[in-house]
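1. Predicted coordinates and the sequence they were generated for:
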Amino acid sequence: MRTEDGATDHHVGTDANAAMFFLVLVLVLVSIGVPLAYAWRIVRLREPSLAGWLIVVAEATAFVSLVLIVGRWDIAGYYTRFIVLAVFVAAVVRSLRTHASLPWRPAEGRSVMRSHATSIGSLVLFVALLAHVISANTPAEAPHRFAFPLEDGRFMIGQGGSTRILNHHAGHREQRYAVDISAIGDLGFRAAGILPKELERYAIYGATVVSPCAGRVVAAQDGLRDLVPPESERENPAGNHVVIDCGDVDVELAHLKAGSVAVSAGERVVVGQMLGAVGNSGNTTEPHLHMHAVDSVNRSGVPIVFDGGTPARNRLYVE
């Protein structure tokens, strides 16, 4: 950040870095810690009836399912999600063995519904949220089909879907169906560290970006520097980018690496042709590829699919 006299305010910059690091750390801890806390609760559960046990477990299952869908598992670890799920399932199985021989209702005749009103309310809320995020990840009517825009790696959707819970772009008219794509390394993490400053420590940095459609390049910008995470440049939101007229839609691919853009305005491209490489330019806090498509007439965002599949959050593409 700059002060009014143009000098760098290192204190403010350090505070911003610390805040971003803290937010990412909290995201990881919530994604992993909360499901494990529910698993521990279920292991220690001692309900007087099978019906009461079922209500508590259903509430926990609905919430853990929500975390597994909504959580950023490219950050918390792609394989970590399966470990968390296995621990939770093991806890449910163990608890079931303890409660399987119990009567359906408490022997003293207490109302199960009344004694578990809080859990039932939470269950209804979590199921409603689950239905919402699942519907936001299902294919929209008549989506535009594109080839995947990256090569040679294991790529994950970080932001995707038509709801703000899954996609912070969803509230923007042109970017309602935008996707942000990261990559994962051998251990399943998008970077070596929580929020490293070295761009090379991000698995996607430098990955080859290719054209997802055939068309004509209508805009191509290069020359903006790659930023040190979590620094961003809001005055140039797309950073180095390419926009392609693909017929009835215009497709933008943004945050490309400085000096990597390989096409120019007016040039025709084919599917799979190299456009550039993933960088960290523009309004972005870490390396990733942003892509969205807009209707060339009304300039509203249109739903997209890659190779026939909806780019839902946490979906893995191996190219």
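-> The structure has been received and is ready for your questions.

2. Output the contacting helices and strands for the helix or strand of the chain with the lowest mean pLDDT.
-> Least confident helix or strand, the chain: helix 10-43 with a mean of 83, by mean pLDDT, DSSP states H and E. Here helix 10-43 touches helix 50-70, helix 73-76, helix 78-99, going by 3 or more CB pairs under 8 Å, 6 or more residues apart in numbering; DSSP states H and E. C-betas here are computed from N, CA, C, even on glycine.

3. That helix: which residues count as buried?
-> For helix 10-43, burial by neighbour count (16 or more other CB atoms under 10 Å) applies to 16, 17, 20, 24, 28, 31, 32, 35, 38, 39, 42.

4. Distance of residue 51 relative to residue 114?
-> Distance, residue 51 to residue 114, by CB to CB, to the nearest Å: 12 Å.

5. The two: which has the busier surroundings?
-> More crowded of residue 51 and residue 114, by other CB atoms under 10 Å: residue 51, with 16 against 8.

6. Tell me the predicted confidence for the most centrally placed residue in the chain.
-> For the chain, the residue sitting closest to the mean C-alpha position, by CA atoms, centre = their mean, is residue 158 at 2.5 Å. The score at residue 158 is 96. That number is its pLDDT.

7. immediately after the one helix or strand it maps to, which helix or strand?
-> For residue 158, the enclosing helix or strand under DSSP states H and E is strand 154-159. Downstream of strand 154-159, the next assigned helix or strand under DSSP H and E is strand 179-183.

8. Please identify the most buried of the helices and strands packed on helix 10-43.
-> Across the helices and strands packed on helix 10-43, averaging neighbours per residue (mean count of other CB atoms under 10 Å) puts helix 73-76 on top, at a mean of 25.

9. How far off centre is that helix?
-> The chain centre lies 8 Å from the centre of helix 73-76; the measure is CA atoms, centre = their mean, to the nearest Å.

10. ditto for stretch 167-177
-> Using CA atoms, centre = their mean, the offset of stretch 167-177 from its chain centre is 13 Å.

11. and the end-to-end length of that stretch?
-> End-to-end distance for stretch 167-177, by CA to CA, to the nearest Å: 8 Å.

12. Give me the contacts around it.
-> Outside stretch 167-177, the residues that touch it by CB atoms under 8 Å, 6 or more residues apart in numbering are 136, 140, 159-164, 178-180, 292-294, 299-304, 313.
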